[in-house]
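Peer 1: Pasting the sequence and the predicted model now:
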Amino acid sequence: MNAKRARGTGLPAERLAELRQLAERIARERKGKAMVDAATLPPAEAKHLLHELQVHQIELELQNEELRRAQVALEESRARYFDLYNLAPVGYFTLDGSGIILEANLTGATLLGVTRDALVGQPLSRFITGGDADVFYIHHRQLMSTRTPQACELLLSRKGAAPFTAWLEATAVASEDEAPACRVVISDISERKDAVDRLRQKKNLLHTAGKMAQLGGWAIKLPRNELTWTDETCALLDFPNGTALPLAQALLLFPTASRRIFSGALESCARDGTPFDCELEIRTAKRRRIHVRAIGQAMRDEHGDITRIEGALQDITERRKAEQVRMSLEAQLRESQKMEAIGTLASGIAHDFNNILATILGNIDLARQDAGANWQALVSLDEIQKAGFRARDLVQQILTFSRRQPTSHRVISLASIVEETVRLLRATLPGGVRIECRCAADTPSVLADPTQVQQVILNLGTNAAHAMEGRPGRIDVLVEGATQDEASAQSNLNLRPGRYARVVVSDTGHGMDAATLRRIFEPFFTTKAPGKGTGLGLSVAHGIMQAHEGAIVAHSEPGKGSSFELYFPRAQSVADALAIPEVATAASEGRGQHVLYIDDDEAHLFLIKRTMERWGYRVSAYLEQREALDALRTGAEHFDLVITDFKMPGMSGTEVAQAIRRVRPELPVVVISGYINQELREQAAAAGVRELVFKAQEMEELRDVVQRVIPPPKTAERGPA
């Protein structure tokens, strides 16, 4: 039985014997209880007692087995607890009231880079770096005094490695001896903190980018239409951060047309998921009108249902303004290129027509001389000459439009020129049309050709009078100073920032629509009836203003009249005035001096030859430059002067002058041209050209130039009587 009990309990036999003796002693010591003598019991009672003892023994064995299994489970649970405690992903520490480490798990020791044995008895503050020791001190003191859980972020040192950021959570407990203590959980949050820092940096970068790009976000939660704005959108619309307007109220910020577009886009997106991208106008909280680009798309849940609309709002006001400026500049550039092309074409036509007119007018002079007393022929020649002069004036207008007419710029008072022109206009205006002129005292002097300035004012005044269409009206002329800054100068392609003299000619006529306004500076474009005008007035004014490095700007609306603004750059100083060439006094007629004349136009060549021969010169005329140069090089003929046209195929007049200079440097050369500018003057001076003659006044000037350039023949010295 003892052996069986020993097997049932799993205890050593010696221990069982000791327990048996202890039980018998305890039984004898109990008061009122006597040990039962089995020998004195009846057999039946002894048998019953034996049965009870056997059942009780089995019951004890079962209880003992349960106890053993519970003990094994407890041991296993304790082992698991220690595994979880030591291998937990966070460090566990037990500290006393002063912060001394009483116990630490394996992870805690690993975090600090030391063994657990080395940790016990050390203050935790020893492993805190930087200024965080004070943070831990305050944290621990508050924990011990209030007994409420505490948490903080600390920078801890790790032996043999860089410090790391830790998150510390502490709870107050009582130790086994009831002394104050706390349990501390330490987590390494370095990676999480780095991730948070990166996320914060990205958020700040996104915020900066949105601010720089003037871009904000918005969202609408369906089906309740809850609108959310980001801070960037609030700033964009001049609302405080965190503003959350109802959708219906937010839609009222859009003008009617834009609201209709945006509402339709939202409805389509919410219904079908159609994304949208549109440009709208919106009013901010400060009542500013801005242009925005609205982008939106539908967001779906896991079932595919549309639950949100998210999008962005970007301020494109400055971009729209820049695009308008660019389009305006491009339109001006196209207009300038078109006018340049038309001017080049007109210049070429006028050049050839000038040659024809010069031949006609020159031959009229010769015919007059030949007609003698035939008054009928002289009358016809006079009529032909008048028509020729009108044609020449028309050519001069074309050349002025194309900036091919030589100008004489000098420093002038613009106010005096305009006032004089207004007096001339006042005498020619129809009845019922008044003209008034106002000149500001601060109007700067300008560098200009007075005749051309008068022509521009006359053209504008005449057009203004025609715009009245026979009705009473008023023309106002204003002369004043004006300053063009960078912004205003950009709106006009031909102006630079600076000080200008401005002339404004406005009328109360019928005005012009936009289509007409775009074409008014085109040559031969006119709204007048046939025979009422050539259509060159405004194109000539445009050419004159370009030649003066200024600009002409037109404003007009139907029924509101028209206004033309002329901008003349201010003269920097009197030294800007161009020198006026001195006119020599007339000399005597030719006395047989030999002139070499070169021109590719045969009719003009014949005219000049005949005319100069009547002036008393001997003329050798050549159509080809090479032949003329060969005649000069041979030395068979002596020449006193060379006259050459400038614009010829093969060699220009200045190139001919350079070739002559290499052979006969002392021989004077005169060049005739239909367009004399500063560039040609410089080329002529470099080639040794003595004089330049403008073809339009060729005959009037050529005679004086020839007499001035060719030295008079030497008078034979008389011998003694």
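Peer 2: Perfect, thanks for sending it. Residues are numbered from 1 along each chain as shown.
Peer 1: Helix or strand: which one has residue 170?
Peer 2: Per DSSP states H and E: residue 170 is located in strand 161-174.
Peer 1: Okay, buried residues for that strand please.
Peer 2: Neighbour counts over strand 161-174 (16 or more other C-beta atoms under 10 Å) mark 163-168, 170, 172 as buried. In this view, the C-beta of every residue, glycine as well, is placed from N, C-alpha and C.
Peer 1: what comes into contact with the next helix-or-strand element following it?
Peer 2: Once the chain leaves strand 161-174, the next helix or strand it forms, by DSSP H and E, is strand 180-188. Applying C-beta atoms under 8 Å, 6 or more residues apart in numbering, the set of residues contacting strand 180-188 from outside is 89-97, 102, 108, 111, 124, 140, 143-144, 156, 164-175.
Peer 1: circling back to that earlier point, so which of the buried residues of strand 161-174 is the closest to residue 342?
Peer 2: Residue 342 lies nearest to residue 165 out of the buried residues of strand 161-174, by C-beta to C-beta, at 76.4 Å.
Peer 1: Who is that closest one paired with across the strands?
Peer 2: residue 155 (DSSP bridges).
Peer 1: Against the centre of this structure, work out the most remote residue.
Peer 2: residue 40 (123.3 Å; C-alpha atoms, centre = their mean).
Peer 1: Residue 46 versus that residue, what's the distance?
Peer 2: As judged by C-beta to C-beta, to the nearest Å, residue 40 and residue 46 stand 9 Å apart.
Peer 1: do the same with residue 179
Peer 2: 60 Å.
Peer 1: more crowded one of the two?
Peer 2: residue 46 (14 against 10; other C-beta atoms under 10 Å).
Peer 1: what helices or strands is the host helix or strand of that one leaning on?
Peer 2: Using DSSP H and E, residue 46 sits within helix 43-87. Packing partners of helix 43-87 (3 or more C-beta pairs under 8 Å, 6 or more residues apart in numbering; DSSP states H and E): helix 2-9, helix 106-112.
Peer 1: same thing but at 10 Å, please
Peer 2: helix 2-9, strand 91-96, strand 101-104, helix 106-112 (3 or more C-beta pairs under 10 Å, 6 or more residues apart in numbering; DSSP states H and E).
Peer 1: Which stretches in the stretch 601-721 of the chain count as helices?
Peer 2: Listed in chain order, the helices of the stretch 601-721 of the chain (DSSP state H, counting those that start in this stretch) span 602-614, 625-634, 653-663, 678-687, 698-709.
Peer 1: Dump the ones you listed into CSV; add distance to residue 306 as well.
Peer 2: Listed next are the helices of the stretch 601-721 of the chain as CSV, based on distance: least, C-beta to C-beta, whole Å:
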stretch, distance to residue 306
helix 602-614, 85
helix 625-634, 84
helix 653-663, 79
helix 678-687, 71
helix 698-709, 85
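Peer 1: of all those, which lies closest to residue 382?
Peer 2: helix 698-709 (16.5 Å).
Peer 1: Can you point out the buried residues in the closest one?
Peer 2: 698, 701-709.
Peer 1: returning to that earlier point: how far off strand 91-96 does the helix holding residue 46 point, in degrees?
Peer 2: Counting by axes from the mean of the first three to the mean of the last three C-alpha atoms, to 10 degrees, helix 43-87 lies at 100 degrees to strand 91-96.
Peer 1: how about low-confidence regions in the stretch 551-700 of the chain?
Peer 2: 573-588, 696-698, 700 (pLDDT under 70).
Peer 1: Try it again at 50.
Peer 2: For the stretch 551-700 of the chain, the stretches with pLDDT under 50 are 574-588.
Peer 1: how about the strands of the stretch 301-450 of the chain, start to end?
Peer 2: Ranges of strands in the stretch 301-450 of the chain, per DSSP state E, counting those that start in this stretch, are 306-315, 410-412, 433-439, 446-448.
Peer 1: Format those as JSON lines; extra columns: mean pLDDT, mean neighbour count and distance to residue 378.
Peer 2: JSON lines is the format used below for the strands of the stretch 301-450 of the chain (pLDDT from 0 to 100; neighbours: other C-beta atoms under 10 Å; distance: least, C-beta to C-beta, whole Å):
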{"stretch": "strand 306-315", "mean pLDDT": "92", "mean neighbour count": "19", "distance to residue 378": "79"}
{"stretch": "strand 410-412", "mean pLDDT": "84", "mean neighbour count": "17", "distance to residue 378": "40"}
{"stretch": "strand 433-439", "mean pLDDT": "90", "mean neighbour count": "17", "distance to residue 378": "41"}
{"stretch": "strand 446-448", "mean pLDDT": "88", "mean neighbour count": "24", "distance to residue 378": "40"}
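Peer 1: Make TSV from these and add distance to residue 656 to it.
Peer 2: Shown next, in TSV, are the strands of the stretch 301-450 of the chain (distance: least, C-beta to C-beta, whole Å):
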stretch	distance to residue 656
strand 306-315	65
strand 410-412	32
strand 433-439	49
strand 446-448	33
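Peer 1: Any idea which of those gets closest to residue 590?
Peer 2: Closest among the strands of the stretch 301-450 of the chain, once you apply C-beta to C-beta, is strand 410-412, at 34.1 Å.
Peer 1: Just name whatever secondary elements that closest one is in contact with.
Peer 2: Going by 3+ C-beta pairs under 10 Å, 6+ apart, strand 410-412 lies up against strand 446-448, helix 450-467.
Peer 1: now do 6 Å
Peer 2: Identification of packing neighbours for strand 410-412 by 3 or more C-beta pairs under 6 Å, 6 or more residues apart in numbering; DSSP states H and E yields no helix or strand.
Peer 1: just checking, residue 171 touches residue 149?
Peer 2: Yes: counting by C-beta atoms under 6 Å, residue 149 is a contact partner of residue 171 at 5.0 Å.
Peer 1: re the thing from before, can I get the buried residues of strand 161-174 in TSV with pLDDT and distance to residue 677?
Peer 2: Shown next, in TSV, are these (pLDDT from 0 to 100; distance: C-beta to C-beta, whole Å):
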residue	pLDDT	distance to residue 677
163	90	80
164	91	81
165	91	78
166	92	84
167	93	84
168	94	88
170	93	93
172	91	100
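Peer 1: closest to residue 50 among those residues?
Peer 2: Closest to residue 50, out of all of the buried residues of strand 161-174 and judged by C-beta to C-beta, is residue 172, at 59.7 Å.
Peer 1: For the residue nearest to the closest one when sequence neighbours are not counted, give its distance to residue 704.
Peer 2: Of all residues not flanking residue 172 in the chain, residue 147 sits nearest, at 4.4 Å (C-beta to C-beta, 6 or more residues apart in numbering). Separation of residue 147 from residue 704 (C-beta to C-beta) stands at 121 Å.
Peer 1: next one: residue 467
Peer 2: Taking C-beta to C-beta, one finds residue 467 at 44 Å from residue 704.
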